[in-house]
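Trainee: Need a 3D model of the sequence below.
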Amino acid sequence: MTWYQILSFFFTNGLRIFLGLYLVITLQQLAGNRKKASVISVCATTFITVLSCFPIQQFYMTGIEIIFVILIAYYLYAAQPRVSLFLIFFYEATVALWEFILSAGLGVIFHSDRFLNVQSYEYMAAVWIVRLFMLGIAFLAMRSHKRNKALSSQIIAGIAIAGLLGAILLSGQNAIPISDVQLTTCVTHYRTKRNYLL
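Mentor: Okay, here's the model as predicted:
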């Protein structure tokens, strides 16, 4: 793994943790020590980035990340653990699935399965595109929080519907090989999210 891959992992992991924590504390309308939360989040990002240098499954690193966010929200913001777990679990699953949908979509457009290889530069580009979208959505949510509280729910619903349509479109393509398990996971996840929103 090259130095710029490690640096990319650090920043993408950091953005995922910070935005996940923002989601948890904002939806629960919590107040706490943001400075300590930021420092611990950076430490968590560093730890997870170090783990990514070893042959550890993404499932375990995601679990560690969820634990970090829940602990930060619980000890520094007095968040309810069950609510935080529910929110961060769906957040992590949605981010991972959107990374898959976008990387697979780019793979179809460019007729290359390298976009599905997590160690490739192409996959890194797809992840960064997802992070930029996440930053844009967070910016819109912060701006609309005081003006229109319903906008955040509309954004979440729109993301869920777009993700389901993306999974369906990917299931009909034959440009690159995509396993049925991955597609079934996408559809199941977004059906669950849609039912929750309704």
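
Trainee: can you tell me which residues contact residue 87?
Mentor: Contacts here follow Cβ atoms under 8 Å, 6 or more residues apart in numbering; on that basis residue 87 touches 23-24, 27-28. Using the backbone N, CA and C atoms, a C-beta is placed for each residue, glycine as well.

Trainee: swap the cut-off to 6 Å and go again
Mentor: Residue 87 makes contact with residue 24, according to Cβ atoms under 6 Å, 6 or more residues apart in numbering.

Trainee: And the next helix or strand past the helix or strand encompassing it?
Mentor: Applying DSSP states H and E as the criterion places residue 87 in helix 81-110. With elements assigned by DSSP H and E, the helix or strand that comes after helix 81-110 is helix 121-147.

Trainee: Just the buried residues of that next one, please?
Mentor: Within helix 121-147, the residues scored as buried using 16 or more other Cβ atoms under 10 Å are 122-124, 126-127, 130-131, 134, 137-138, 141.

Trainee: out of those residues, who's nearest residue 5?
Mentor: Nearest to residue 5 among the buried residues of helix 121-147 is residue 124, at 6.9 Å by Cβ to Cβ.

Trainee: Spatially, what comes nearest to the closest one if we skip its sequence neighbours?
Mentor: Computed as Cβ to Cβ, 6 or more residues apart in numbering, the closest residue to residue 124 that is not its neighbour in sequence is residue 8, at 5.4 Å.

Trainee: and the host helix or strand of the one you found with helix 121-147, angle?
Mentor: Assigned by DSSP H and E, residue 8 belongs to helix 3-27. Angle, helix 3-27 to helix 121-147, by axes from the mean of the first three to the mean of the last three Cα atoms, to 10 degrees: 20 degrees.

Trainee: please begin residue numbering at 344 from this point
Mentor: In the new count, where the first residue is 344, that last one comes out as helix 346-370.

Trainee: which other helices and strands contact the following helix or strand past helix 346-370?
Mentor: Counting by DSSP H and E, the next helix or strand C-terminal to helix 346-370 is helix 377-394. Using 3 or more Cβ pairs under 6 Å, 6 or more residues apart in numbering; DSSP states H and E as the contact test, the elements touching helix 377-394 are helix 346-370, helix 401-420.

Trainee: closest to residue 426 out of the ones you listed?
Mentor: With respect to residue 426, and counting by Cβ to Cβ, the nearest of those is helix 346-370 at 8.1 Å.

Trainee: which helices and strands sit right next to that closest one?
Mentor: Secondary elements touching helix 346-370 (3+ Cβ pairs under 6 Å, 6+ apart): helix 377-394, helix 401-420, helix 424-453, helix 464-490.

Trainee: rank the ones you listed by mean pLDDT and give me the bottom one.
Mentor: Note on these: lowest mean pLDDT is at helix 464-490, with a mean of 84.

Trainee: And that one, how far out from the chain middle?
Mentor: Centre-to-centre, helix 464-490 and its host chain are 10 Å apart (Cα atoms, centre = their mean, to the nearest Å).
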